[in-house]
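Trainee: Pasting the sequence and the predicted model now:
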Amino acid sequence: MANLKTAEKKTKAQSMGLHTEVLTGKTQQKFFNPDEEENFFYWGAYDVDFNKRTDLDVKDMDCKEANRRIDELMSQGYGTIVIKNPQGKHSLGVGILNKLNLIFEGSLGYFGVGSIDGPMVRVNGRVGWSCAENMMAGKVVIEKNAGSCFGAAIRGGDLICKGSVGARTGIDQKGGTIIVGGDAGAFTGFMMQRGRIIIMGDVGINLGDSMYDGTIYVGGKIGSYGSDAIESPMTKSDIDWLKRKLKVAELGENFDVSKMTKVVAGKKLWNYDALEPTEKKGAI
Amino acid sequence: MCGIAGLIHRGKSSNVGSELQLMLQALKHRGPDSTGYALYAENDGKNFIMRFKVGENVGEGSTSVNEDASVYDKRKKLVDNMLSELGAKVIKEDQLTPYSFRYEMQFNDDLMEFSKKIESIESVEILSIGKSLELIKDLGDAATVSERYGLGDVKGTHAIGHARMATESGVDIKSAHPFWGYPFSDVSVVHNGQLTNYWNNRRVLENKGMRFMSECDSELIAVYLAEKMRNGATLEEGMKDSLTGLDGVFTYFVATKDSLGMAKDTMAAKPLVLYESDDLVAMGSEEIAIRSILPQEIDTYDPFDGEVKVWQI
């Protein structure tokens, strides 16, 4: 932690007499040390080596035991972990707040890799409902299909499904990018608040229903628009960004992104904020 | 929340009893109250199989009223007498528990009238009638029910089953799934979800002469489809009609003597994972059900909202 008393370059806040105390708390050091090469990491995060690789067969483990073993392996410095025989088990790989290469050789059940922040995940199989729910950062690639609520409430990172996904993809999304190589079901982007969703195939009914903000790009047919979701013109920056993003996702090398439909919030639902309580009842 | 599972072998028979048990046991966490099987077995197809009960299982967390077992014998005798009156010839009878029976019989008249007469006997319920359908349901998990009724060795072409968490009605056999598609032989239904227009539909269907044995909302699907088919609709037509005729959230399976179908509501609110190959279709509320019989890496997918599919054996 830099010593604020002796720092040569004082900030405006310091010159006003603020931040004069020396911060020595351990937690503060871990979270706010500006001298670190990678600025943020979690208290208790492990220093792992991506070249140190191991396999973990979870065939006879329940999800708690499997997740505990992943944590143990990270504590031993393993930076690349290959999970064998996941066989559709639920809640595998959840809560990883660490840099890590995590590879699943098979399919996951519900809540796979939920609440993660940082790892690079590849699933050589399918995932069930609520994959990567609440993801903060990192990259997750699903090689096959995904169930409903794919990327529910994610805040950041790239979540990619090369196959098709179920209903309510990106529900309550607050950031990050969801990319789907195939089709998506009903209520895609339901109540999304920020971030972007790219669907290369068709989407079902009620696309972007009650979305507050964010952007949805669709390459195929749209079943129907949800409440307050509207079409918006594609710009050059949209096209440039889509090209870059699909390349990162290992998808659509020859896909013509300029023909995609861009969907945003009409923001008429925002009128609720300006209404008096008695008026709200009438509006509903 | 309930768990449902189903499978159909196309062009061959398999050990569907043990396969469905594995699938349902994997879904036990979704429904610990009761388990039901509808197995389409390798019977000779000449005689009807009637599964019926004369009372409830009053143990294992049941919400049923306790009865003296002596009433079961009296009711069974009344059933036997009624069968004679109706001209049904019993070829073989098995008593599986104090309250449930399996009769193999010959009968050539109207099944609806037949069922009405049998069920006019107090506390008697026909669980199923069919030439290949063996419908078994009881309290307990899949392994418990399978062991109690000796289902491990049952061979057949297809099957559907249900692990129930009781939410809309009691913990008892009459509310357990599958439901028989009264009065059609060999029709059964399992459901995961909640139906919100149950009473409206029930009143209409009862006025048309259909019968309900429980207050479980899922029974409506079986009766609804049976009524559609009674009026000439195909199974698939009835199922497509149900997407708008039934209100609520649902994924359900229906099976007949030679087919298996699935339907998912237009909100896609209930889960379903499906594996489909040339010789086998397997599906369940969660992938672990399919993995219990197909541990190798396979391609599965979630059917979309409002989807209806029917497969033939």
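Mentor: Noted; the coordinates are in hand. Because the structure is predicted, anything quoted here is derived from the model rather than measured. Numbering: from 1, shown residues only, chains lettered A, B, ... in the order given.
Trainee: So what's the residue count around the residue lying closest to A:His90 once chain neighbours are set aside?
Mentor: Nearest residue to A:His90 in three dimensions, chain neighbours excluded: A:Gly109, at 3.9 Å (CB to CB, 6 or more residues apart in numbering or on different chains). Any C-beta I mention is one placed from the backbone N, CA and C, and that applies to glycine too. Counted with other CB atoms under 10 Å in any protein chain shown, the neighbours of A:Gly109 add up to 25.
Trainee: Could you pull up the residues touching the closest residue to chain B within the stretch 151-284 of chain A?
Mentor: Chain B sits closest to A:Ala167 of the stretch 151-284 of chain A, with a gap of 3.6 Å, by CB to the nearest CB. Contact analysis of A:Ala167 by CB atoms under 8 Å, 6 or more residues apart in numbering or on different chains lists A:148-149, A:185-188, A:204, B:267-269, B:304-305.
Trainee: If we use 10 Å, what do you get?
Mentor: For A:Ala167, the contact set (CB atoms under 10 Å, 6 or more residues apart in numbering or on different chains) comprises A:129, A:147-150, A:184-188, A:190, A:204-206, B:264, B:266-269, B:271, B:302, B:304-305.
Trainee: Helix, strand, or coil at A:Leu242?
Mentor: The local conformation at A:Leu242, judged by DSSP: H, G, I helix; E, B strand; the rest coil, is helix.
Trainee: I figured it hits A:Val218, correct?
Mentor: No - A:Leu242 is beyond contact range of A:Val218, at 11.4 Å (criterion: CB atoms under 10 Å).
Trainee: anything in contact with each of the two?
Mentor: Between them, A:Leu242 and A:Val218 share these contacting residues under CB under 10 Å, 6+ apart: A:198, A:260, A:262.
Trainee: pretty sure the first one belongs to a strand, no?
Mentor: So that's A:Ile198. Yes - judged by three-state DSSP, A:Ile198 forms part of a strand.
Trainee: Touching, B:Lys264 and B:Lys309? I think so.
Mentor: Yes - counting by CB under 10 Å, B:Lys309 is a contact partner of B:Lys264 at 9.2 Å.
Trainee: and for these two, which residues touch both?
Mentor: Common neighbours of B:Lys264 and B:Lys309, using CB under 10 Å, 6+ apart, are B:274, B:303.
Trainee: give me phi/psi at the residue nearest to A:Cys63 when sequence neighbours are not counted?
Mentor: Once flanking residues are discounted, A:Cys63 sits nearest to A:Ser91: 4.4 Å by CB to CB, 6+ apart. The phi and psi values for A:Ser91, taken as degrees, to the nearest 10, are phi 60, psi 30.
Trainee: what pairs with B:Leu39 across the strands?
Mentor: With DSSP bridges as the criterion, B:Leu39 is bridged to B:Glu134, B:Ala159.
Trainee: pLDDT score assigned to it?
Mentor: According to the per-residue confidence, B:Leu39 scores 97 in pLDDT.
Trainee: And the most centrally placed residue in chain B, how far from chain A?
Mentor: Nearest to the geometric centre of chain B sits B:Pro178, at 2.2 Å (CA atoms, centre = their mean). Distance, B:Pro178 to chain A, using CB to the nearest CB, to the nearest Å: 24 Å.
Trainee: B:Met165 now?
Mentor: 16 Å.
Trainee: who's in contact with residue 57?
Mentor: Defaulting to chain A. Neighbour list for A:Asp57: A:66, A:69, A:82-86, A:105 [criterion: CB under 10 Å, 6+ apart].
Trainee: Chain B was what I was after
Mentor: B:34, B:64, B:97-100, B:137-140, B:148, B:171-173, B:176.
Trainee: where are the low-confidence patches of chain B?
Mentor: For chain B, applying pLDDT under 70 flags no range at all.
Trainee: Run through the residues of it sitting next to chain A.
Mentor: B:26, B:29, B:264-273, B:275, B:284, B:286-292, B:294-307 (CB under 10 Å from any CB of the partner chain).
Trainee: I'd like to know which of these are buried.
Mentor: B:26, B:264-273, B:275, B:284, B:286-292, B:294, B:298, B:300-307 (16 or more other CB atoms under 10 Å in any protein chain shown).
Trainee: Tell me, how many residues neighbour B:Ser119?
Mentor: Not quite, residue B:119 is Glu, not Ser. 18.
Trainee: Surely it and B:Phe52 touch.
Mentor: Yes - applying CB under 10 Å, one finds B:Glu119 in contact with B:Phe52, separated by 8.6 Å.
Trainee: Quickly list what's touching both of these two.
Mentor: Joint contacts of B:Glu119 and B:Phe52 (CB under 10 Å, 6+ apart) are B:79, B:125-126.
Trainee: Pull the number of nearby residues for A:Asp213.
Mentor: Every residue meeting other CB under 10 Å relative to A:Asp213 is counted, giving 14.
Trainee: what are the ranges of the strands in the stretch 1-150 of chain B?
Mentor: Secondary structure of the stretch 1-150 of chain B (DSSP state E, counting those that start in this stretch): strands at B:3-9, B:34-41, B:48-53, B:89-97, B:100-106, B:125-130, B:133-139.
Trainee: actually the stretch 151-300 of chain B, not the one I typed
Mentor: So, for the stretch 151-300 of chain B - with DSSP E, counting those that start in this stretch - the strands run B:156-164, B:179-180, B:188-195, B:248-256, B:259-264, B:273-276, B:280-284.
Trainee: how about the fourth one: buried residues?
Mentor: Using 16+ other CB under 10 Å as the test for burial, strand B:248-256 gives B:248-256.
Trainee: any chance of these in TSV, with distance to B:Glu215 too?
Mentor: Below are the buried residues of strand B:248-256 laid out as TSV (distance: CB to CB, whole Å):
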residue	distance to B:Glu215
B:Gly248	15
B:Val249	19
B:Phe250	17
B:Thr251	21
B:Tyr252	18
B:Phe253	22
B:Val254	21
B:Ala255	24
B:Thr256	26
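Trainee: For A:Phe50, pull up the helix or strand it's in.
Mentor: Here A:Phe50, judged by DSSP states H and E, is contained in strand A:49-57.
Trainee: Next secondary structure after that strand?
Mentor: Next element after strand A:49-57 (DSSP H and E): helix A:63-75.
Trainee: Identify the neighbouring strands of the helix or strand that that following helix is followed by in the sheet and state each direction.
Mentor: Using DSSP H and E, the helix or strand that follows helix A:63-75 in sequence is strand A:78-84. In the sheet containing strand A:78-84, the strands it pairs with under DSSP bridges are strand A:49-57 (parallel), strand A:101-105 (parallel).
Trainee: Please give the number of neighbouring residues around A:Tyr42.
Mentor: That count, for A:Tyr42 with other CB under 10 Å as the rule, works out to 12.
Trainee: Kindly list the main-chain dihedrals of A:Ala152?
Mentor: Here is the backbone geometry of A:Ala152 (degrees, to the nearest 10): phi -60, psi 130.
Trainee: what does the one 10 residues further on give?
Mentor: Geometry field for A:Lys162 lists phi and psi as phi -80, psi -20, criterion degrees, to the nearest 10.
Trainee: Not counting its neighbours along the chain, what's nearest it?
Mentor: Nearest to A:Lys162 is A:Gly181, by CB to CB, 6+ apart, at 4.3 Å.
Trainee: again, but for A:Gly163
Mentor: Excluding the flanking residues, the one nearest A:Gly163 by CB to CB, 6+ apart is A:Asn145, at 3.7 Å.
Trainee: now swap in B:Asn15 and tell me
Mentor: Counting by CB to CB, 6+ apart, B:Asn15 lies nearest to B:Lys155, which is 5.6 Å off, once chain neighbours are set aside.
Trainee: Good, we can wrap up now.
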